[in-house]
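>>> I would like the atomic coordinates for the input below:
(chains A and B)
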Number of protein chains: 2
Amino acid sequence: MKNVTKILLVVSLFSLLSCGESAKKTSEHETVKVAAGVWKLTSGTPEKVNLLSELSVTPKLEAIDAMGEAELPVTMDEISVKQRDGKTYIRFPLEKDEKIFGLGLNFKTVEQRGRIMRLHVDHYAGKDDGRTHAPVPFFVSSRGYGALINSARYIDVWAGTSVRKDSENPPVVRDRNTDKDWEAQPYSDNLEFLVPADGVEIILFAGDDMLDVVRRFNLYNGGGVLPPKWGLGFWHRVPTLYSDKEVLAEVADFERHDFPLSVIGLEPGWMSRAYPCTYEWDSTRFPKPKEFVGALNDKNIKTNVWINGYVSPDGELYSKIYPYTGSHTVWCGIVPDYSMKEAQDILSAHFRKHQLDIGVSGYKMDENDGFDSWLWPDVAEFPSGNSAEQMRQIYGALMQNLTTKMYRDENKRTYGLVRSSNAGTSSFPYVLYNDYYNHRDFITALINSSFIGVLWTPEVRSSKNSEDWLRRMQTVCFSPVAMLNAWADGTKPWSFPDVTEEVNDVAKLRMRLIPYLYTAFADYAFYGTPPMRAMNLEKGYFAADQITKKEFDGTDNPYAMAVRREVKDQFMVGDNLLVAPLFAGDKERTVVLPEGKWYDFYTGELAGESEVITVNGDTKRIPVYVKDGGIVPLWPAEAKTDGRKYPLEIRHYGFKPSTYELYDDDGETYDYEKGDYVRITLKVDVDADGNKSGSVTVPDGKTAWSYDGYDFRFMTK
Amino acid sequence: MKNVTKILLVVSLFSLLSCGESAKKTSEHETVKVAAGVWKLTSGTPEKVNLLSELSVTPKLEAIDAMGEAELPVTMDEISVKQRDGKTYIRFPLEKDEKIFGLGLNFKTVEQRGRIMRLHVDHYAGKDDGRTHAPVPFFVSSRGYGALINSARYIDVWAGTSVRKDSENPPVVRDRNTDKDWEAQPYSDNLEFLVPADGVEIILFAGDDMLDVVRRFNLYNGGGVLPPKWGLGFWHRVPTLYSDKEVLAEVADFERHDFPLSVIGLEPGWMSRAYPCTYEWDSTRFPKPKEFVGALNDKNIKTNVWINGYVSPDGELYSKIYPYTGSHTVWCGIVPDYSMKEAQDILSAHFRKHQLDIGVSGYKMDENDGFDSWLWPDVAEFPSGNSAEQMRQIYGALMQNLTTKMYRDENKRTYGLVRSSNAGTSSFPYVLYNDYYNHRDFITALINSSFIGVLWTPEVRSSKNSEDWLRRMQTVCFSPVAMLNAWADGTKPWSFPDVTEEVNDVAKLRMRLIPYLYTAFADYAFYGTPPMRAMNLEKGYFAADQITKKEFDGTDNPYAMAVRREVKDQFMVGDNLLVAPLFAGDKERTVVLPEGKWYDFYTGELAGESEVITVNGDTKRIPVYVKDGGIVPLWPAEAKTDGRKYPLEIRHYGFKPSTYELYDDDGETYDYEKGDYVRITLKVDVDADGNKSGSVTVPDGKTAWSYDGYDFRFMTK
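Have a look, this model is predicted:
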């Protein structure tokens, strides 16, 4: 690592309360600077295995340094880290109005202050209690810093709930008998963690604002992923027992309906055995897999295949991988120890033979999340000696690591789906999904994914009615993977006839947006900026939470607990778009517009300025707003991810002069990492009379791969 | 300890899977016999603090030995215990039809095989996931043995869910694509535990049947509690801000309504400050506490006072206890370290001064369970050096221990309520309760309490309607504490006028049953037999579980998970009564009658024989059945817990000749432990013609304290 300077050695001596006998080890923590605004704090004896140690990821320190210096708003001796009882105790101070974000892929809440969690890989089960698909132990504070607790253990978090008796900002003591202001949860100035290990490494990130903190975090994780361009098209997963012929008929049906299609996803039925798996093609449903995949590739339609991690005794992999599997089975399949080189080599060879070498574009890696009832138990042993707990926390990341590396070794980008992840995976071409299927909560997860360096798709399965269908289709088209998953129900995009036209419209809009989305993802890869983002990461955004004090009820609410309402249903896409989905059944919704003027994406008309607006629920299209001066490059509606060049429509909104750095590259290799890409400057000038003019600057010696012809369209009159 | 013979030294050598580097310590476990059918297994380095180490409890080894020898159905080398990664891993084998009971106070399920839990003291929140008021790490197997994992840590349990790849009884491998018998949860032959400590002590209990196992467990915990006789009367908790005058008026109202009353419970308002607490009387509401309590005692009505464990800065206790409190506050109150002698002495002195010495009979010790949001976090430190985790697991038990000892030192029995408990508390005079308030689940908890050595009351608060009110009143009268808790809603027993008569009837029945209940509790104390018991502990009981395979649904039930239905709404009280509560809204219910004939308690008529009967939901009284030959001694309806002698009605049901060992003592001291009690033999003979005759035998030199005159009544004609 470059620029590693030891800047600070803090010896924290904690005065202990009294006279007990047991271990009271006080520890030092040592802090070294890693890059501009990034420090590594070490306390006790950190474990050999952590969230990053097993992954082939290199921090993008130069990109971080290019952001310039940043100071931490807390001093090192305000952070307390010590070992006791074989565990590591961590405390960060909280200020009165400080907000805490991140701490795993939560589905119900955006702000996490006030929550208690145990960060634990699991299927999300309806509560933001830390059990989730990506329990990333990283928080972002509104004071402009964040920290990754880099441990592959189940980490307990008390985010502003615990009160220390030596607090300098203690809550007011009240008598519940007589004081109406008594609260069940008194004010807390602590953000506390418990790591069940005798030492830990903590990575601290500073930033001018929360977005800068997140960017440093993502860059430290290797930068964000840049998907292949076809990954941003429309995906369709077919019913699980479809044969090759049925798939090809489905593809023809998409053509007949003039519906975009970039990726076909095959579900378990493509395999000779599933739950547990062989990773070999079923010879009855897919007698000639290479020809089948080749035929789709010829149509510029990629093939993605479902797998889970558990190996069937019926395939050729079983006996080879057996020595490198854990003590327990999952659905009767043995569980490869993906952290062992031997296992990695055997798995890679098998995956290459049956997928990569015949043209399969990537994987949907299911069931690496949980839940407890079918995953290996924490008593399981793995031959690497890694604990079952550690394996659970990183299994999804390890599967991503292996498959990413396999494609990277061929200089091919892949893009796929995964059910579990953790820190260190920002650069991996995988998007999280699950079975939970609550539309609103899916959007909250999309928002939260932006704090923790992962991607999330609110995939569409069947719907209760056509309104729900349309609303879900609309939001998925503004997510990292625009996908219909018909594995179980056999739906098609046109399954709800009364909204077929609107569904088609939004799928085409998705295709049109690819230049804009691809640039947003390039910003993720190069600068760490999440392509889909929480409003809280947007400058000028402010929405006050509403705290509702609930009525006391002796049997139903005996502590009269208060409830917090927050804005968790709108988000940013790329630099300029604010998306405010509609949900089935809603008569209307409100949208919080941050500072400045915002314009309707479709009409260019002024929508509002630094205010809360109301949208009618009958609105057919998904509400999207563009900030003043926002530039949005669009492909034509007929564009496909077929490697061809398309003319570009360059929309400009409002009256602010502005520039936009359009990104392009070959769309499918890693050559961009060697500089083989272009940034085209799109510029709009506005003169004193409000007249607008646009210019396009392509750097000397470069050309675009996918754009041909530029047409400015000034949307606001 | 007597009779400790080292009988077995098993060295378990676990073959490890492969070649990893990390710690792979294999351990020996050593097993010593403690009493007839009880063994202590030790593995690794058990912690100094465990569930029993901090309690003043002596195992009743002589009573266990008196049960005779019993063999374990598993061999010591079938039990695997080893240390790895700083934790202890435990496996017990499971047989095909083996059932597992216990494992904490569960509210939804009786049989635990198929469950995954983390045993953790907490308020029960609607899921049997191990978070509960008494997460006792003790299981009972239908094979006739049980084990206590004696650790004060959060213990993870996989009760027949995990599958080892080296299993000798592996599940069948199936292909989910094509095999309709594929199951989300394959068959498992493991009962596995993970204890986060580098060693553990396990107490193994054998038995001819599960009841014998439970009896040994309870006797090992010091035997069951024998409450003072007044504790079995009717309890009423008044609204929290009631003054002394209002309480006395309420008592007069009970007299006016001819409603039994043995205990008045005062809620937080009796105290000068609550949440946090002073444990001192509020001088405005109770200016003369000693006189107030004395006036109630004169009426043979005991006073029980609410407390929680958190100390207010406003009282005289605060500065004294401060040095012996934890690092974190709860509701702004400091948290005494009840495991320290210094803290115990200070607390006892304070409690004596303000409660015991002025005649208060005992406590309701609230809020020592959770939930996480307001309890101390696991990062808290305690001056004893005990970890926050250990303190959480035993805090309720420590509070019970201290207050029990305080009363015992005065040779006075107390009886009260507590919100958390654990192993080792069977002999403490405390009954668990909570805020959960689901009537059916309350009964399931009552059933489950009998496996794990704790008591549970389905206390009554307000109700949605009079039917619900009556049904709740009926079941609570067959529980360890018959109590109405009007702290928040101010209800009285006669608050629902259309059922006032029936409510009065069942409260009086409760009073009449005291001789029977008191004997049942004596059997708990002397023989370890739970007074209220699961049907599964009853000989001749068999009810098949119904497994319903659920429909597959791609979005709502993607794994087609099955659901098990079991009988969890009827229970035994004492030797002879089977109680089958009715629940509001039910048109009818079924009752499973074990082997033999069963008779209606009220009429003596035959109800059925080894069969499932149906009871109409309109039935006014709570269905109660008596086994063939069952003897039930009853006080008269006007009886009170006033120390007077009452004539006894001795009911006999059916046609079997039988005997009943009626128990009696002074009802309020511990003199019975020195032999100052009587067992009166009630005997019914039946001649060849079916003519019945009864006889009463009082041992020489003994007299009963509470019974005067015996009248046999043969209920079945």
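>>> residue in the stretch 201-350 of chain A nearest to chain B?
Across the stretch 201-350 of chain A, no residue is closer to chain B than residue A:275, which sits at 3.7 Å (C-beta to the nearest C-beta). In this view, the C-beta of every residue, glycine as well, is placed from N, C-alpha and C.
>>> how about that residue, what does it touch?
A:268, A:308, A:310, A:331, A:333, B:174-176, B:182 (C-beta atoms under 8 Å, 6 or more residues apart in numbering or on different chains).
>>> in chain A, which helix is the longest?
helix A:388-408 (DSSP state H).
>>> list the strands paired with the next helix or strand after that one, with their directions.
The C-terminal neighbour of helix A:388-408 among helices and strands, as given by DSSP states H and E, is strand A:416-418. Strand pairing for strand A:416-418, determined by DSSP bridges: strand A:362-366 (parallel), strand A:430-432 (parallel).
>>> how many neighbours does residue A:556 have?
Residues lying near residue A:556 (other C-beta atoms under 10 Å in any protein chain shown) number 12.
>>> where's it relative to residue B:489, distance?
Distance of residue A:556 to residue B:489, computed by C-beta to C-beta, to the nearest Å: 11 Å.
>>> now do residue A:72
52 Å.
>>> more crowded one of these two?
residue A:72 (21 against 14).
>>> which residue is the nearest non-sequential neighbour of that one?
Spatial nearest neighbour of residue A:72, chain neighbours left out: residue A:206 (4.7 Å); criterion: C-beta to C-beta, 6 or more residues apart in numbering or on different chains.
>>> ok, the one you found - contacts?
Residue A:206 touches A:37-38, A:70-73, A:144-145, A:212-213, A:216, counting by C-beta under 8 Å, 6+ apart.
>>> okay, and the beta partners of it?
residue A:145.
>>> next one: it, what pLDDT does it get?
The per-residue pLDDT reported for residue A:206 equals 98.
>>> measure the residue in the stretch 601-717 of chain A that chain B sits nearest to to residue A:594 for me?
When scored by C-beta to the nearest C-beta, the stretch 601-717 of chain A has residue A:622 as its residue closest to chain B, at 21.7 Å. Residue A:622 is 19 Å from residue A:594, where distance means C-beta to C-beta.
>>> these two: which is more packed in?
residue A:622 (23 against 19).
>>> and that one, that one's in a strand?
No. Applying DSSP: H, G, I helix; E, B strand; the rest coil, one finds residue A:622 to be coil, outside a strand.
>>> now it: closest residue in space, sequence neighbours ignored.
That would be residue A:474: by C-beta to C-beta, 6+ apart, it lies 3.7 Å from residue A:622.
>>> check contacts around the one you found.
A:502, A:506, A:581-582, A:621-622.
>>> sorry, back to before: ok, the residue of the stretch 601-717 of chain A closest to chain B touching residue A:582?
Yes. Contact criterion C-beta atoms under 8 Å: residue A:622 and residue A:582 qualify, at 6.5 Å.
>>> touching both of the two, which residues are there?
A:471, A:474.
>>> quick one: residue A:332 and residue B:176 touch, right?
No. Counting by C-beta under 8 Å, residue A:332 stays clear of residue B:176, with 10.3 Å between them.
>>> quick one: the residue nearest to residue A:622 is in a helix?
Yes. With three-state DSSP as the criterion, residue A:474 is part of a helix.
>>> gap between it and residue B:616?
55 Å.
>>> hmm, back to that, which of the contacts of residue A:206 sits closest to chain B?
residue A:145 (20.6 Å).
>>> count of neighbours near the closest one?
Neighbours of residue A:145 using other C-beta under 10 Å come to 23.
>>> ok so, going back, max pairwise distance over the contacts of residue A:474: which two?
A:502 and A:581 (13.6 Å; C-beta to C-beta).
>>> out of these two, which sits in the more crowded spot?
When residue A:502 and residue A:581 are compared for neighbours, residue A:581 comes out ahead with 24 against 19, by other C-beta under 10 Å.
>>> tell me which element the more buried one is part of?
Residue-wise, residue A:581 maps onto no helix or strand under DSSP H and E.
>>> give the contact list for it.
A:439, A:443, A:471, A:474-475, A:478, A:569-570, A:622-623.
>>> adding pLDDT, write those residues out as CSV.
Shown next, in CSV, are the contacts of residue A:581 (pLDDT from 0 to 100):
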residue, pLDDT
A:439, 97
A:443, 98
A:471, 98
A:474, 98
A:475, 98
A:478, 98
A:569, 96
A:570, 97
A:622, 98
A:623, 98
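>>> let me know the pLDDT of residue A:550.
Model confidence at residue A:550 (pLDDT) stands at 74.
>>> from chain B, how far off is it?
14 Å (C-beta to the nearest C-beta, to the nearest Å).
>>> then residue A:591?
28 Å.
>>> cool, residue A:68 as well?
35 Å.
>>> one more: residue A:53?
From residue A:53 over to chain B (counting by C-beta to the nearest C-beta), the distance is 13 Å.
>>> name the SS class of that residue, please.
Criterion first, three-state DSSP; result for residue A:53: coil.
>>> show me where chain A has helices.
Using DSSP H, helices in chain A cover A:61-66, A:210-220, A:244-256, A:289-298, A:317-321, A:341-354, A:388-408, A:439-449, A:466-476, A:500-512, A:514-527.
>>> one step back: which helices and strands does the longest helix of chain A pack with?
strand A:115-121, helix A:341-354, strand A:362-366, strand A:416-418 (3 or more C-beta pairs under 8 Å, 6 or more residues apart in numbering or on different chains; DSSP states H and E).
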